[in-house]
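>>> One predicted model, sequence on top.
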Amino acid sequence: MRMQVCFNAGFGVVINFISVFLLKPSGCGDEDTPYESHSAFYIVVFYHAIYPVALGNVAYPPNIATFGADKFDEEDPKEGHLKIAFFSYFYLALNLGLLFSNTILRYFED
């Protein structure tokens with residue numbers, strides 16, 4: 001639960017910070033004024049807001065697999081087989097999602 005709160009708080013800070021400060025930097029789109037890079041303060045705040053997002057996202061996949069494994073009794077041979085099937089389908093779904101995000105969504109981006 002704490003990791004989800006960390007993820008949501010960091011993501012909220014990132015979204016608000018980007019929408020207020022980084023979407024339209026000074027001089028962007030104006031032919032008279034040259035583009036100026038962001039100040040060091042903006043860059044530091046942005047990267048410090050990204051860290052809770054990464055920290056909250058790291059804890060997600062291992063916890064889901066552990067919660068699924070706890071549902072099966074290791075003493076029962078039938079449930080032992082179902083546990084193996086659970087992990088097979090879990091990692092199949094995880095890898096198909098990665099394949100989808102890296103191939104098909106890239107096609108739609110272009």
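That came through fine.

>>> from here on, contacts and neighbour counts on C-alpha atoms
Will do.

>>> From the centroid of the chain, which residue is nearest?
In the chain, the residue lying closest to the centroid (C-alpha atoms, centre = their mean) is Asn57, at 5.1 Å.

>>> how many neighbours does the nearest residue to that residue once chain neighbours are set aside have?
Using C-alpha to C-alpha, 6 or more residues apart in numbering and skipping residues adjacent in sequence, the residue nearest Asn57 is Phe7, 6.4 Å away. Neighbour count of Phe7, defined by other C-alpha atoms under 10 Å: 22.

>>> helix/strand/coil for Glu75?
Following DSSP: H, G, I helix; E, B strand; the rest coil, we place Glu75 in the coil state.

>>> Next one: it from His81, what distance?
11 Å (C-alpha to C-alpha, to the nearest Å).

>>> Pick out whichever of those two has more residues nearby.
Shown here are Glu75 and His81; by other C-alpha under 10 Å, His81 has more neighbours (12 against 8).

>>> give the contact list for the more buried one.
His81 makes no contacts at all, as judged by C-alpha atoms under 8 Å, 6 or more residues apart in numbering.
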